[in-house]
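Visitor: Quick check, what structure comes out for this input:
(2 chains)
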Amino acid sequence: MANDNNRFQAIIAHCKEYGFIFPSSEIYDGLSAVYDYGQNGSELKKNIRDYWWKSMTQLHDNIVGIDAAIFMHPTTWKASGHVDNFSDPMIDNKDSKKRYRVDHLIEAHADLLKEKGEAGAKEAEQLLAEMDALLAKEDYAGLKQLIDDNKIKCSVSGTVNWTDIRQFNLMFSTEFGATASSEDADSKVYLRPETAQGIFVNFLNVQKTGRMKIPFGIAQIGKAFRNEIVARQFIFRMREFEQMEMQFFVRPGTEGEWYKFWKEERLKWHLSLGIDPSKYRYHDHIKLAHYAKEACDIEFEFPMGFREVEGIHSRSDFDLSQHQQYSKKKMQYFDNDLDANGKPFGNYIPYVIETSIGLDRMFLLIMSNAYTEEDLSTPEKADSRVVLKFPAKLAPIKLAVLPLLKKDGLPEIAREIMNSCKGSFRCFYEEKDAIGKRYRRMDALGTPFCVTVDHQTKEDNTVTVRHRDSMQQERIPISAIKAMVEAQL
RNA sequence: GCGGAAGUAGCUCACCUGGUAGAGCGACAGCUUCCCAAGCUGUAGGUAGCGGGUUCGAGUCCCGUCUUCCGCUCCA
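Guide: Just a heads-up that it's a prediction; the model follows:
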């Protein structure tokens, strides 16, 4: 097999050729970092999504699921810190290619001035005052002028060769209401940059109506949107993506053990799909985000190297406290459990452990783990195949039903098998071309089972089952087909 | 955002220094009836990413633009 880069290219090409993933709006040259899932990709994605949902909700009786709207009240993003932390005006130095936050750049210059004694300190004070005024007005041209007037230099290149100031707000925004205009700040709403806040704002609703007792979790799957400066590497970083996440609410003081629990529990989930453990590793965060107490990533060895596929974060009570402050609603929980002194733990704002996995990244993980090029050459003949070794429970198509010949009544029997199975799982019927060719086509889609109807079937009601990974065949009765497939799901 | 590479049929690519678009695979219809792709016949499919320029003539040269990949940067 070629090197990893070629392998990644081959996977991308395979995804397109076999109906898994297409560039968005491809007939119009595509839209940068946006992709569509095709007829097979959407099935695979759905199966991954369902598997996660079932593992998290159905199999944990203290976790429930919700589906919050993508639009949220704008104050949500003030409370979460997204508006303040991620909409700063930036400026690039053309020589060093270094990018600065404008306020940081000016403040650094002010600090330099202050070191120059009293006159400098006064100058610095005036500079900062001007900056604040301009920032408040969002007067970027004025800020640029301020940088030019003060001859503020880049610390790397030492030059004053600056680009214009640009705002990099990673949140997409739009206008809410039919009569709204873009100048009307009050009508501005954002497309959520993460799904987590939909859970936090519904914390009280779910806790009260579900009579949930701590510890408990709320799970959610949904789209999120980030206007990445650089979005790349196929579906690994897209501007529109889907998250599967769960916020687990715990009593303060127990967050350490629950963090550890979920860190291990989530890796177990990945390994339950039969993926080689050596392709996984943890990456503990040293530099923590503004809300985090402890954080780690579960990384997977993609063709382009180890990359984050899932994050586990100990978020303390940051989010609920923020929402309590901004909404003036008490985000507390009364804990009737008794402490060491026999008294109820009482009211508190719960701490949160978050598990957050990118569905699209999980798709890429499954795809790159499954993609295999096999050399089947014999001394007589060169031969090879591409096979997607999906876990059977995730495969887009579970069973292909193939009449060996398209005559002698074989298609009729095959159709009957189709009809008896298609209510239970996704099946595919094919009578064109030689049987070997049909097997190979199914390999390329990752179909785990092919059954072939031949003349013997008419005599004893058995079919050949051909297994995808081993290419081994066996004969089983028609009546056993459904149970055989379902045993793998 | 910067730098590098690329864009011709569904896929992989060819067309050497400008002269009326090709191959293999694939797809479709039929034949063949063969349990691991590439047997036979036929059919469809491209105004060469898009726009402009130079030229008698541009897939080929020049400029712009879009998209993708790689490296750097960024990534709550």
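
Visitor: which stretches of the stretch 1-150 of chain A aren't confidently modelled?
Guide: Residues of the stretch 1-150 of chain A meeting the criterion pLDDT under 70: A:1-5, A:85-88, A:92-99, A:136-138.

Visitor: ok, which stretches of it are helices?
Guide: In the stretch 1-150 of chain A, the helices defined using DSSP state H, counting those that start in this stretch lie at A:4-17, A:41-53, A:75-80, A:82-85, A:102-114, A:118-137, A:140-149.

Visitor: on contacts alone, who are the packing partners of the third one?
Guide: Right, the one you point to is helix A:75-80. Applying 3 or more Cβ pairs under 8 Å, 6 or more residues apart in numbering; DSSP states H and E, one finds that helix A:75-80 makes contact with helix A:196-200, helix A:318-327. For glycine as for every other residue, the C-beta is placed from the backbone atoms N, C-alpha and C.

Visitor: and of the helices of the stretch 1-150 of chain A, who's closest to A:Leu191?
Guide: helix A:75-80 (10.5 Å; Cβ to Cβ).

Visitor: Would you mark the buried spots in the closest one?
Guide: By neighbour count with 16 or more other Cβ atoms under 10 Å, helix A:75-80 contains the buried residues A:Thr76, A:Trp77, A:Ala79, A:Ser80.

Visitor: can you list the helices of the stretch 1-150 of chain A in TSV and add distance to RNA strand B?
Guide: Listed next are the helices of the stretch 1-150 of chain A as TSV, based on distance: least, Cβ to the nearest atom of the strand, whole Å:
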stretch	distance to RNA strand B
helix A:4-17	4
helix A:41-53	14
helix A:75-80	8
helix A:82-85	4
helix A:102-114	12
helix A:118-137	19
helix A:140-149	16
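
Visitor: Could I get these in TSV, plus columns for distance to A:Gln456?
Guide: Below are those laid out as TSV (distance: least, Cβ to Cβ, whole Å):
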stretch	distance to A:Gln456
helix A:4-17	35
helix A:41-53	32
helix A:75-80	65
helix A:82-85	65
helix A:102-114	77
helix A:118-137	81
helix A:140-149	78
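
Visitor: quick one on the thing from earlier: of all pairs in the buried residues of helix A:75-80, which one spans the longest distance?
Guide: A:Trp77 and A:Ala79 (7.3 Å).

Visitor: now for the helices of the stretch 1-150 of chain A, which one comes closest to A:Leu59?
Guide: Short answer: helix A:41-53, nearest of these by Cβ to Cβ, at 10.0 Å.

Visitor: angle of the closest one against helix A:4-17?
Guide: 110 degrees (axes from the mean of the first three to the mean of the last three Cα atoms, to 10 degrees).

Visitor: Just grab the bridge partners of the most centrally placed residue in chain A for me.
Guide: For chain A, the residue sitting closest to the mean C-alpha position, by Cα atoms, centre = their mean, is A:Gly358 at 1.4 Å. Counting by DSSP bridges, A:Gly358 is bridged to A:Gln243.

Visitor: Residue in the stretch 301-450 of chain A with the shortest distance to RNA strand B?
Guide: A:Gly436 (2.5 Å; Cβ to the nearest atom of the strand).

Visitor: buried set for the host helix or strand of that residue?
Guide: Using DSSP states H and E, A:Gly436 sits within helix A:435-445. Across helix A:435-445, burial judged by 16+ other Cβ under 10 Å covers A:Ile435, A:Arg438, A:Tyr439, A:Arg440, A:Arg441, A:Met442, A:Asp443, A:Ala444, A:Leu445.

Visitor: same question, stretch A:467-474
Guide: Neighbour-count burial for stretch A:467-474 [16+ other Cβ under 10 Å]: A:Arg468.

Visitor: now do stretch A:476-489
Guide: Quick answer for stretch A:476-489 (16+ other Cβ under 10 Å): A:Ile478, A:Ile481, A:Lys482, A:Val485.

Visitor: quick check, nearest of those residues to RNA strand B?
Guide: When the buried residues of stretch A:476-489 are compared against RNA strand B (criterion: Cβ to the nearest atom of the strand), the nearest one is A:Ile478, at 12.5 Å.

Visitor: Mind pulling up the pLDDT for that closest one?
Guide: pLDDT, A:Ile478: 95.

Visitor: Could you do the one 3 residues further on as well?
Guide: The model reports A:Ile481 with a pLDDT of 96.

Visitor: Phi first, then psi, for the closest residue in space to it that isn't next to it in sequence.
Guide: By the measure of Cβ to Cβ, 6 or more residues apart in numbering, the closest residue to A:Ile481 outside its immediate chain neighbours is A:Val451, 5.9 Å from it. Note on A:Val451: backbone dihedrals following degrees, to the nearest 10 are phi -110, psi 140.

Visitor: Count the residues that sit near A:Val451.
Guide: Neighbour count of A:Val451, defined by other Cβ atoms under 10 Å: 25.

Visitor: The helix holding A:Gly436 packs against which elements?
Guide: Partner elements for helix A:435-445 (3+ Cβ pairs under 8 Å, 6+ apart): strand A:384-388, strand A:399-403, strand A:449-453.

Visitor: Please repeat the previous calculation with a cut-off of 10 Å.
Guide: With contacts defined as 3 or more Cβ pairs under 10 Å, 6 or more residues apart in numbering; DSSP states H and E, helix A:435-445 has these neighbours: strand A:371-375, strand A:384-388, strand A:399-403, strand A:427-429, strand A:449-453, strand A:462-467.

Visitor: hmm, stretch A:319-335 touching RNA strand B?
Guide: No. Counting by Cβ under 7 Å from any atom of the strand, RNA strand B has no neighbours in stretch A:319-335; the shortest distance is 10.2 Å.

Visitor: Work out the gap between that stretch and the centre of the chain.
Guide: 28 Å (Cα atoms, centre = their mean, to the nearest Å).

Visitor: Can you give me the end-to-end span of that stretch?
Guide: For stretch A:319-335, the first-to-last residue distance is 19 Å (Cα to Cα, to the nearest Å).

Visitor: Lovely, talk soon.
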